[in-house]
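> Generate coordinates for the sequence data below:
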Amino acid sequence: MTKFSLTLIALILVGCGKEAAKEKTERPPQQITATTTQTADIALNLSAQGHVSPLDQVEVRPQTSGLISKVHFKEGDQISAGQLLFSLDARTEEANVRQAIAKLAQSQAQLAAAERDYTRSKELALQSFISKTALDNAQSKLETLQATLAAERAAVDAAKINLSYSQIKAPLSGRAGLVEVHTGSYVQPSIAIPLVTISKLDPITVAFSLPERDLSLLQNAPQPILVRATLADGNKMQGKLSFIDNAVNSSSGTIALKAEFSNPKNLLWPGAFVPVQVAAGMLKNAVVLPTQAVQTGPDHRFVFAIQADQTVKAIQIELLQVENERAVVSGIGSNIKVVKEGGQNLREGSKVREAQKRDASAPKTAASAAK
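Numbers count the residues shown, from 1 in each chain. Model (predicted):
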């Protein structure tokens, strides 16, 4: 290749670079709308997805084997503590109680006779009519029967306890779930499925988790910490934070919490998912701006700040919360002009121009006047 050809190629490349630079320089500024960051005292609400769970729940199981003779309630009934739920065939247990009582009566009669013999033996021993050995034997017989009587009384108590197992009663008040057995079913303590599950619905709890960074906010929040749950129809219920776990989950980086709600109308139902907001105090002089101004990058959020030369600069921020179309952020100061709308296609250093607001007093066009 000749020296002349090389010179010609270099001139062409230089010309192309100048044309590209000229095109870049002459690209018109992108039209945007701007806003200014402001400061305000904002109520800090921590949001999470909650899971409704009973405050107390018990699986009712038999403590002895037997046939169900009667079911005393219906599925879904409101159950009171101590209410009779199931009756088992108790004929064997009733016979065992009667037998234990009879043996107790027999031991009591034998003990009474032994006490009389011992009393007489002491009197005779004092008069030297019987030997010391005979008195010792009478005393030994009395003590043996006293021990037998105590054992028989314990046997009666045990038989009555076994008999009580044939009457299965509710350990707490709540709502009954599905009944898994019917009259005539054979049950035993080792069954896998409970006879019925009783859940206490009022009050009720909502379990949820928050990031570990929010733990310090909860610890410093005013007590009691209020929690709002949003129902499916949009209505809200207010409760109180009742539990903060004693350790952060190392695998998820979250802390488990529970809130307790009064639930007289059963608006919160076990197993349902509801959004919750925790009132964690006030953010003093928090920086706020419209949510449209917040841009989302691959690994962080940012805003475009408008510089004096009408170029934009990306400033990384942390989004603390969003409420009523206002974003509460950190990482940027107040009274800074930022891009509100039109920032989707901007890059660092892009030139912008603010859209002019429409003047309400401006003359109408012919087309609008015709309307």
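> tell me which strands and helices the host helix or strand of S121 is in contact with?
Here S121, judged by DSSP states H and E, is contained in helix 91-126. Using 3 or more CB pairs under 8 Å, 6 or more residues apart in numbering; DSSP states H and E, the elements in contact with helix 91-126 are helix 132-164. No exception for glycine: its C-beta is placed from N, CA and C like everyone else's.
> Now do the phi/psi pair for L195.
Dihedral pair for L195: phi -60, psi -40, per degrees, to the nearest 10.
> so how many other residues sit close to it?
20 (other CB atoms under 10 Å).
> That one - nearest residue in space that isn't next to it in sequence?
Once flanking residues are discounted, L195 sits nearest to V60: 4.9 Å by CB to CB, 6 or more residues apart in numbering.
> Now for that neighbour, how many residues are close by?
Residues near V60, counting by other CB under 10 Å: 20.
> do S190 as well
8.
> Repeat that for I244.
Neighbours of I244 under the rule other CB under 10 Å: 14.
> can you pull the contacts of it?
Residues in contact with I244 (CB atoms under 8 Å, 6 or more residues apart in numbering) are 215, 218, 255-257.
> Next, give me the two most distant ones among the residues you listed.
Greatest spacing in the contacts of I244, by CB to CB: L218 and A256 (12.0 Å).
> The residue nearest to L195 bridge partners, please.
Under DSSP bridges, the beta-bridge partners of V60 are V196.
> can you tell me how far it sits from G177?
From V60 over to G177 the distance is 10 Å, taken as CB to CB, to the nearest Å.
> Between the two, which contacts overlap?
With CB under 8 Å, 6+ apart as the test, V60 and G177 both reach 196-198.
> where along this structure do the helices fall?
Secondary structure of the chain (DSSP state H): helices at 3-25, 91-126, 132-164, 215-220, 366-370.
> Make CSV out of those helices and add distance to D233 and mean neighbour count.
Listed next are the helices of the chain as CSV, based on distance: least, CB to CB, whole Å; neighbours: other CB atoms under 10 Å:
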stretch, distance to D233, mean neighbour count
helix 3-25, 55, 10
helix 91-126, 52, 15
helix 132-164, 46, 15
helix 215-220, 29, 13
helix 366-370, 42, 7
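> what's near enough to touch the most centrally placed residue in the chain?
For the chain, the residue nearest the mean C-alpha position is A207 (0.7 Å; CA atoms, centre = their mean). Shown in contact with A207 (CB under 8 Å, 6+ apart): 50-51, 53, 256-258.
> The residue nearest to L195: what's it in contact with?
85-86, 168, 170-171, 194-198 are the contacts of V60 under CB under 8 Å, 6+ apart.
> at 6 Å instead, please
Under the criterion of CB atoms under 6 Å, 6 or more residues apart in numbering, the neighbours of V60 are 194-196.
> And Q31, by the same measure?
353, 355.
> For it, report the pLDDT, please.
Here, the pLDDT recorded for Q31 equals 87.
> Quick check: it vs F304, distance?
Going from Q31 to F304 by CB to CB gives 14 Å.
> swap in R347?
R347 is 9 Å from F304, by CB to CB.
> could you point out where this structure is predicted with low confidence?
Regions of the chain meeting the criterion pLDDT under 70 cover residues 1-27, 357-371.
> quick one, domains of it?
Listed by automatic domain parsing, the domain ranges of the chain are 31-42+285-354, 45-55+200-283, 62-89+166-193, 90-164.
> what's the straight distance from one end of the first one to the other?
Taking CA to CA, to the nearest Å, the first and last residues of domain 31-42+285-354 lie 6 Å apart.
> One more: the longest one?
According to CA to CA, domain 45-55+200-283 extends 10 Å from its N-terminal end residue to its C-terminal end residue.
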